[in-house]
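Show me how the following folds:
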Amino acid sequence: MTQHNHFDHDFVEDSNTSKNPEFSQIVAKRMSRRTMLKGGTGLTAAAFFGTLPLVGCGSDNDSNTGSTGNGTSPAVPATGDLKTPKQLNFTAVAHYTGNEMVVADGYNAEAILHVGTPFMSGIEDWKDNREQTGESFQYRMGDNHDGMWFFGKNGEKYDPKSSNNALLVMNHEYTNETINPAGPFSTPNPDTTAPAIFKNIRKATDVRRECYAHGVSVVEMKRRANGIGYEMVKDSKFNKRYTSASEIKISGPAAGSDMLKTKYDPTGTKTRGINNQCGAGLSPWGTYLTTEENFLNVFARGADKAIISAKEDSSRVRYGLPENGTGGGYRWHTPAKADEKFTDEFARWNSAATGASALEDYRNAFNTFGYIVEIDPFNQSAMAVKRTALGRFAHENCAYAPVVEGKPVVMYMGDDARGEYIYKFVSDAKWSNADIGGGLKAGDKYLDKGTLYVAVFKDDGTGEWKALTHGQGALTNANAKYAFADQADVLIHARLAGDALGATKMDRPEWVSVSPVTGEVYVTLTNNSNRTPTKHGMNAANPRNYAGDKGNRNGHIIRWAEKNNDHTATSFNWDIYLFAAPNDLTAENLSGLNANNDLSSPDGLYFDPRGVLWIQTDDGAYTSRTNCMLLAALPGKVNDGKEVTTSAGIKTRVGMQANEQNIKRFFVGPKGCEVTGITLTPDFKTLFINIQHPGEDQPGVTWGAIAGGTTPRSATVMITKKDGGVILGEPLK
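Modelled structure (predicted):
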């Protein structure tokens, strides 16, 4: 997601100036068609439990691979009915604009693990409106909880069937002003002759606090004595933080590239920090895959066009960092000017060329961010690993397709920025169930070698995957617009490679999830208020432009079926599963939503093993009527709907019409929040979600504050059934 923050509340990157086709243009050309997907209808959800997808984030403000038996991951729940529900048997939660949270009748929702909660002894409890030392956040829950995963634990090892004991691993996407209560974030630089990017400066202690509040938390959880819900195991040896100050390994085809070498690491195989962690989840072998999304926000770039090459300049601009740019405005680079002894600690966030070579400055530090990062939560001594083979861009999330013995592992990803692309990665290595529990060595095997593809959505409802392989097609050192030197160059600048291959410009591709029933892939396109005739070409992003020429204000969800249901295929069929819209916005309510299931800005997306699709929202276009929410849905298949014409006069196909048996509102969060992050225990009895930035721009909201306090705090919400039963299951007898 693009974070809401004090620096630039409405900041959403828009760096794609290529002439590649807009998705709205493709929808406009699309012919009426009804190509039904063949095969796959008899596959059980149990056969696809290995598809447990990663979850992630975004902001409104703007042959059959599913074979059963030993061909799939054996990560099957210990208990619970894996049959897909035929209908949703709960009463929908109504629209709600209050300061608390509301969950469906028969359920409890409890907030735990708030920002600043210590998970080690000797660290003081969170104090309202008081500075917590930056270093202490190495032992506290970070800020703005996001994607997460529940790793079943048996003894000291990963056990996908275990629900009694686990490691809960979660992302912390960005920081709010509330963790720096002592004063303003930046002040005017008394040195009026300072370069433009140092016009405003920040305190070293405040920057450190934010660096340590970013990243990932690992906390051990155990089931409560009453059997319902969980509590943190304080002082567990597994409790750990990965932050923007942690040393991180770089692996894959780009490791060692000259474009990754810095003053800190002249080998190009290490960097410091992971940033802006958004979506995350499980790998097929049982590690945590987190994403670096809006890493642009923490970087600046001073004046250096006279030093670097035109090619280097163009690559930085394509990733949103022009000369004298300050990204999203965090200004982590500025304490270097206030106190020279901190130069290396903070100067690394300034990607300007200042030395005689890249080994004397941090011009390449920017290139070491924007990757899928792998963490083994059961190995406390191991560094996290940035997997360069999966490309560099604003990774929203990463979801893997059903794994099959003897076939490649396939990962799907979206680049969450306006007009960016959808990608997939196909490993060279063939899947083996023997690698479950193999940790980072399994990651080396499956994530360091393979082919990265980018999606082209065609006007006839089909699509094509184009390989990002150096030397093929336009990806050569003779390319007129950007000369690709080698495969490392292609992967580090995947956006430029997508431009060259004619990839389809989408409206902020966010979370990806794969259906365990059909094997089809779903992606939320949260919105794009910049999709106007003068800004992004055709009227509507896929395919709407409305609300006072504000583009696609409410977003939608696209889906596709790979050819022959083979996830390694290079072609697919697609349709639009769901158009989000207020129920009374008649011309745009193309999915037939009503007051019990309408939504805006779909963001989080997660198929549970039974085939229930959970949809989360991060919205600013409909919040006068309802806060952000979580819905449960039972989708059908590609092309199970009809042809429609939008208010912009564009024809397309929409999926099966919504009703209260196939989509319904399950939860509504507090005012000003985003509902994000989701994971379900193997026994289906506890659903974890996260509440991010509660009370944002809403004075008086105190959700998540300590007793007697006034500062709202992000937190994890633990949802359980009052009778102790299965989430969305029938009542216990």
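
so what's T368 closest to, chain neighbours aside?
If the residues on either side of it in the chain are set aside, T368 comes closest to T271, at 3.8 Å by CB to CB, 6 or more residues apart in numbering. Bear in mind the C-beta positions are built from the backbone N, C-alpha and C, glycine included.

does the one you found count as helix, strand or coil?
Secondary structure assignment for T271 (DSSP: H, G, I helix; E, B strand; the rest coil): strand.

is it in a bridge, and if so with what?
In this structure, T271 has the following beta-bridge partners (DSSP bridges): I248.

To what extent is it buried, counted in neighbours?
Here the number of neighbours of T271 (other CB atoms under 10 Å) works out to 23.

count of residues packed around the residue nearest to W431 when sequence neighbours are not counted?
Of all residues not flanking W431 in the chain, V403 sits nearest, at 4.6 Å (CB to CB, 6+ apart). V403 is flanked by 28 other residues according to other CB under 10 Å.

next one: D566
When neighbours are defined as other CB under 10 Å, D566 has 20 of them.

what are the ranges of the strands in the stretch 251-400 of the chain?
Counting by DSSP state E, counting those that start in this stretch, the stretch 251-400 of the chain has strands at residues 270-272, 277-282, 288-292, 372-375, 385-387, 395-400.

Report the separation between the residue nearest to T368 and T354.
Summarising the geometry, the distance separating T271 from T354, computed by CB to CB, to the nearest Å, is 18 Å.

swap in E177?
Distance from E177 to T354, counting by CB to CB: 30 Å.

more neighbours, these two?
Set side by side, E177 and T354 show more neighbours around T354, with 16 against 13, by other CB under 10 Å.

what's the nearest residue to the more buried one if we skip its chain neighbours?
By the measure of CB to CB, 6+ apart, the closest residue to T354 outside its immediate chain neighbours is D361, 4.5 Å from it.

what's near enough to touch the one you found?
T262, K263, A347, A352, A353, T354, G355 (CB atoms under 8 Å, 6 or more residues apart in numbering).

got the strands of the stretch 251-400 of the chain as a markdown table, with mean pLDDT and distance to R508 columns?
Written out in a markdown table, the entries for the strands of the stretch 251-400 of the chain read as follows (pLDDT from 0 to 100; distance: least, CB to CB, whole Å):
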| stretch | mean pLDDT | distance to R508 |
| --- | --- | --- |
| strand 270-272 | 97 | 26 |
| strand 277-282 | 88 | 12 |
| strand 288-292 | 97 | 14 |
| strand 372-375 | 98 | 18 |
| strand 385-387 | 98 | 23 |
| strand 395-400 | 95 | 8 |
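
Run a quick neighbour tally on the residue nearest to R130 when sequence neighbours are not counted.
Here the nearest residue to R130 in space, its sequence neighbours aside, is P181; by CB to CB, 6+ apart that works out to 6.5 Å. Applying other CB under 10 Å, we find 13 residues neighbouring P181.

mind checking pLDDT for P181?
What the model reports for P181 is a pLDDT of 76.

And the helices in this structure?
Chain-ordered helices for the chain, with DSSP state H as the definition, fall at 23-29, 204-213, 310-318, 335-338, 343-347, 439-447, 487-492, 494-500.

so where's this protein shaky on pLDDT?
Across the chain, residues meeting the criterion (pLDDT under 70) sit at 1-12, 19, 21-82, 336-342, 531-542, 731-733.

I'd like to know how far N552 sits from T267.
Taking CB to CB as the criterion, N552 is separated from T267 by 44 Å.

what about the residue nearest to T368, distance to D566?
36 Å.

that older thread, thought the residue nearest to T368 was touching S251?
No: with contacts defined as CB atoms under 8 Å, T271 does not count as touching S251, sitting 11.4 Å away.

Can you check which residues contact both of these two?
Overlap of the contact sets of T271 and S251 (by CB under 8 Å, 6+ apart) consists of K386.

about what we covered before: adding distance to G256, write the contacts of D361 out as CSV.
Conversion of those to CSV gives the following (distance: CB to CB, whole Å):
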residue, distance to G256
T262, 13
K263, 16
A347, 23
A352, 23
A353, 20
T354, 23
G355, 20
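
Let's see if you can find the most crowded of the residues you listed.
Counting by other CB under 10 Å, A352 has the largest number of neighbours within the contacts of D361, with 27 neighbours.

Confirm for me that it is in contact with F366.
No: if you go by CB under 8 Å, A352 and F366 don't touch, sitting 9.8 Å apart.

Give the residues shared as contacts by these two.
Here A352 and F366 share the contacting residues R301, scored by CB under 8 Å, 6+ apart.

which stretches of the stretch 401-550 of the chain form strands?
In the stretch 401-550 of the chain, strands defined by DSSP E, counting those that start in this stretch lie at 408-415, 418-420, 422-430, 450-457, 462-467, 506-507, 509-514, 521-525, listed in chain order.

Quick one: the ones you listed as JSON lines, columns for mean neighbour count too.
Converted to JSON lines, the strands of the stretch 401-550 of the chain look like this (neighbours: other CB atoms under 10 Å):
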{"stretch": "strand 408-415", "mean neighbour count": "27"}
{"stretch": "strand 418-420", "mean neighbour count": "25"}
{"stretch": "strand 422-430", "mean neighbour count": "21"}
{"stretch": "strand 450-457", "mean neighbour count": "23"}
{"stretch": "strand 462-467", "mean neighbour count": "19"}
{"stretch": "strand 506-507", "mean neighbour count": "30"}
{"stretch": "strand 509-514", "mean neighbour count": "30"}
{"stretch": "strand 521-525", "mean neighbour count": "28"}
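
how about those, which one is nearest A303?
The minimum distance between A303 and these falls on strand 418-420, with 26.8 Å, by CB to CB.

Run through the residues that contact N129.
Applying CB under 8 Å, 6+ apart, the residues contacting N129 are P181, G709, T710, T711.

rewinding a little: is it possible to export the strands of the stretch 251-400 of the chain to JSON lines including distance to A474?
Putting those into JSON lines (distance: least, CB to CB, whole Å) gives the following:
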{"stretch": "strand 270-272", "distance to A474": "29"}
{"stretch": "strand 277-282", "distance to A474": "30"}
{"stretch": "strand 288-292", "distance to A474": "26"}
{"stretch": "strand 372-375", "distance to A474": "25"}
{"stretch": "strand 385-387", "distance to A474": "25"}
{"stretch": "strand 395-400", "distance to A474": "23"}
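
what sits opposite V216 in the beta ladder?
On the basis of DSSP bridges, V216 takes part in beta bridges with N171, Y242.

and Y362, how many neighbours?
Using other CB under 10 Å, Y362 has 23 other residues around it.

Wait, it touches A347, no?
Yes: judged on CB under 8 Å, Y362 makes contact with A347 at a distance of 6.1 Å.

quick one: the closest residue to K445 other than its chain neighbours from F299, how far?
The spatially closest residue to K445, leaving aside those adjacent along the chain, is A429, at 5.0 Å (CB to CB, 6+ apart). In this structure, A429 lies at 34 Å from F299, with CB to CB as the measure.
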